[in-house]
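A.B. asks: Sequence first, then the predicted structure:
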Amino acid sequence: MTDLRSAAELAGAVDIRLPNESADYRAARTALLAEEIELRRQIERVAALRRALPPGGIVSDTYRFVSENGGEIALADMFGRHDTLITYHWMFGVMRKRPCPMCTGFLGGLAAAVGDLTQKVAVAAIAGAPIERQIAFKLERGWGALPLYQPVGDAFFTDYGGIGPDGSDIPAINVFERTADGIRHFYAAEMTGETADPGQDPRGAPDLMLIWTLFDLTRKGRDPHWYPALTYPA
């Protein structure tokens, strides 16, 4: 990576001109492009560090989940033919009448991509609500082939996120891998409120939610006072 051309050089070589733009706009856009190139390189550096993580802890084989057909399975069964499993705990606990709108927004995007994702990895959405309620909501949202599961007991959520200190449900992303010596934990999203910068909501980097990434492309950016909803006025 040491022989890369500088971001400024690459940005300066881009020959794009848009209708009626000013010289000031083009100069600022070229400077921004250089920063975007640096950001892309930083994302790749972080991804490389993530891939180079040493083996994570062995996962207990005692966790059980209720699948959409009503039967109990083990975590290992969620892998199917793959050696990697991405799980997302969405905030639809037993006490919730309706799930978290933010989690719903994330899962909507995940459901749209699940056909592509499952060419390479297994995917599972896990919530504490009875599986029948999860299936009903999945049908309401048109989530197609997104696999849903309900844990049996609280042990999985306690060990890998999903339950807060006060017993409330919280979102959690985990990646597991099948290895020669069993199922191991590979990665967890660990950015929380304690890692957030002043004036920002806690979020990972890169941000996995499409809506926020697109809002970041606009003049106004993210509205700190706006929150997704399950439904909107017509």
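C.D. replies: The structure has been received and is ready for your questions. Numbering: from 1, shown residues only.
A.B. asks: State the distance from the residue nearest the centre of the chain to P171.
C.D. replies: Centre of the chain computed as the mean C-alpha position; nearest residue by C-alpha atoms, centre = their mean is L208, 4.3 Å away. Look at L208 and P171: by C-beta to C-beta, to the nearest Å, they are 10 Å apart. C-beta here means a position set from N, CA and C on the backbone, and glycine is covered the same way.
A.B. asks: Check whether the residue nearest to the centre of the chain really touches F106, as I assumed.
C.D. replies: Yes: assessed by C-beta atoms under 8 Å, L208 is found in contact with F106 at 6.7 Å.
A.B. asks: and the residue nearest to the centre of the chain, what is it in contact with?
C.D. replies: F106, I173, A189 (C-beta atoms under 8 Å, 6 or more residues apart in numbering).
A.B. asks: what's the answer for A74, then?
C.D. replies: Contacts of A74 (C-beta under 8 Å, 6+ apart): D61, Y63, R64, F65.
A.B. asks: List the beta-bridge partners for it.
C.D. replies: R64 (DSSP bridges).
A.B. asks: before we move on, what about the one 10 residues further on?
C.D. replies: With DSSP bridges applied, the residues forming beta bridges to T84 are E177.
A.B. asks: Could I get the pLDDT score of it?
C.D. replies: Note on T84: pLDDT of 98.
A.B. asks: Next, work out how far apart it and L117 are.
C.D. replies: Taking C-beta to C-beta, one finds T84 at 10 Å from L117.
A.B. asks: go on, S168?
C.D. replies: 28 Å.
A.B. asks: how much space between the residue nearest to the centre of the chain and M102?
C.D. replies: Distance from L208 to M102, by C-beta to C-beta: 11 Å.
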